[in-house]
Structures are given as structure tokens and as C-alpha cells.
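> Output the structure for:
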Amino acid sequence: MRQAQRSSAPLRRTSTASPRAPQSARPIHYPESDGKPMSETPVHWHAMVDFASPLHGFLKDRPDAYVGSNMLMYYEEGDNRRRVSPDVFVTFGVPKLPERRVWLVWEEGKAADFVLEVTSRSTRKEDEAGKKALYERLEVRECWQFDPMGEYLNPRLRGYVLGADGKYHEVALEERDGALCHDSLLGVTLRLEGERLRLFDPKRGEYLLTHAEERQARQAAEARLVELERRLLGE
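Below is the predicted model of the structure:
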């Protein structure tokens, strides 16, 4: 029996179905949370809040200044793994409003001008190596580390400023009135007073108050007013 010969010609497709249209790329999602705790301990949380909240008040009248805290900052478009979360950052030259859920560097046009990391022994490697190198690459002009529990930094405050060479240079803190100080580009003086980091407004000659200090000052003023009214009525 003869075997049928196999044709070497390619088979002709008889389907009339149109070719599948190319699928459009899905938009990249930039999450608002990385699943990590906001701060390591209550001490670190209070240090972060007590630094950020006075800055909000100090810069409230500047429409071109944004204060962020513990916000995810994405620095490479299309890659949501390229991110960092500064404990406190300030960016000038951008609109204060609307409020952001995440910070997209390519949309804002820049990362930050100032960053503070509330550091500890467990985050030391990340803060001193990874984050510091990244902030230098992102051209953050001032980068600070504050160790509120004194676990490894002595003194507890350490800062770097970006030089003309594009590299960080450590800040030499000045001793003034028993505190270690630096006049920041924020327009305030950073003052390390013992275990506490405070902000001082040199133009007004007064400290920037935390929420707790503002509440205490308001209560003290109300108490003085009540006492004054009592005396006037007594007369």
C-alpha cells in the first residue's frame, strides 16, 4: 500500500477571526501603606509628631510649602517598589493643596528639601546607609537623624547638608545657651536640649509649640482670665 505523500507547503489557515488587539498596560498602583508600623515605640512616635506639628503651624501661610509625615514617597515612575517613607519631610516650591495620599516625585517635580528620620538602634543601618544615600541621590538639601532614646547617636542629633559637589557633608552643631543648635533652611533653629529636640523661631524669638504645649498655654491663659474676672467682681 502506498503511503500518502506529505506536502511541504505550509497549511493555510481558514479561520476568519480577526487578530487579537494588543492589551493596554494596566496603570501602576502606588499603595498608601507599606504595612509597617508608623513608629517603633511611643517615644519615637511623640518625637515625630512633636517635630511635624509645629512645622505645620509655622509654614501655614506659605502656599508653596508642603509638610509631610510618614508618607510613602515614590521616586521612579512605573515601579512601585522604589519608595521611601521619611518620618518628616518639607518640600518648598510646590502647592500646599490639595492634600496628597502619596508623594510622586515625577509629578511634584522634586522629592524634598528637608528630611528628619527619628532613628533607633534597630533602624540605624537603614537610616545611615540606605536612606541617607537615597536622599543624597534625590538631592534633599538637609537630612537629619534624631535618636530620642540615645541608643547609638551621641549627641542625639546628627545632620547633613548637600554640598555643591552633590555630596552630603556633616553639620557641625553650635553650642548656644546650653543647647546644640543649627539654623536650618526651614527658617527655624533646631535645638537639642538634653534629650529633647525643639524648634525655635529666631525672628519672633520664641519656640514653636507642640499641640500639648499649645493646649497648656491656652489653659493657663483661660485660668488667668478667670482669676482676673474673679478679682474684678470681688472689687
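> list the contacts for residue 61?
Residues near residue 61 by CB atoms under 8 Å, 6 or more residues apart in numbering: none. All C-beta atoms are positioned from the backbone trio N, CA, C, and that covers glycine.
> Distance of it relative to residue 185?
Taking CB to CB, to the nearest Å as the measure, residue 61 falls 18 Å from residue 185.
> For residue 184, give me its contacts.
114, 142, 190 are the contacts of residue 184 under CB under 8 Å, 6+ apart.
> 10 Å instead, please
Applying CB atoms under 10 Å, 6 or more residues apart in numbering, we find residue 184 in contact with 90, 113, 114, 116, 141, 142, 144, 159, 161, 171, 190, 199.
> just curious, which of these is nearest to residue 84?
Nearest to residue 84 among the contacts of residue 184, counting by CB to CB, is residue 116 at 13.2 Å.
> So what's the residue count around the closest one?
26 (other CB atoms under 10 Å).
> Are we agreed that it is in a strand?
Yes - counting by DSSP: H, G, I helix; E, B strand; the rest coil, residue 116 is found in a strand.
> Okay, and the beta partners of it?
Bridge pairing for residue 116 (DSSP bridges) gives the partners residue 88, residue 144.
> Run through the helices of the protein in chain order.
Per DSSP state H, the chain carries helices over the ranges 42-58, 105-108, 124-125, 132-137, 211-234.
> buried ones in stretch 92-103?
92, 94, 100, 102, 103 (16 or more other CB atoms under 10 Å).
> Return the member of those residues nearest to residue 81.
Of the buried residues of stretch 92-103, the one sitting nearest to residue 81 (CB to CB) turns out to be residue 102, at 13.6 Å.
> Pretty sure the closest one sits against residue 28.
No - look at residue 102 against residue 28 with CB atoms under 10 Å: they stay out of range, at 11.6 Å.
> and for those two, which residues touch both?
74, 80.
> averaged over its residues, what pLDDT does stretch 180-191 have?
Stretch 180-191 carries an average pLDDT of 98.
> Same check on stretch 47-58?
Mean predicted confidence for stretch 47-58 is 96.
> what about it, distance to the chain center?
Centre-to-centre, stretch 47-58 and its host chain are 12 Å apart (CA atoms, centre = their mean, to the nearest Å).
> can you pull the buried residues of it?
47, 48, 49, 50, 51, 52, 53, 54, 55, 58.
> Of those residues, which is the nearest to residue 41?
residue 47 (9.5 Å).
> if I look at the closest one, how far off is residue 75?
Taken as CB to CB, the span from residue 47 to residue 75 is 25 Å.
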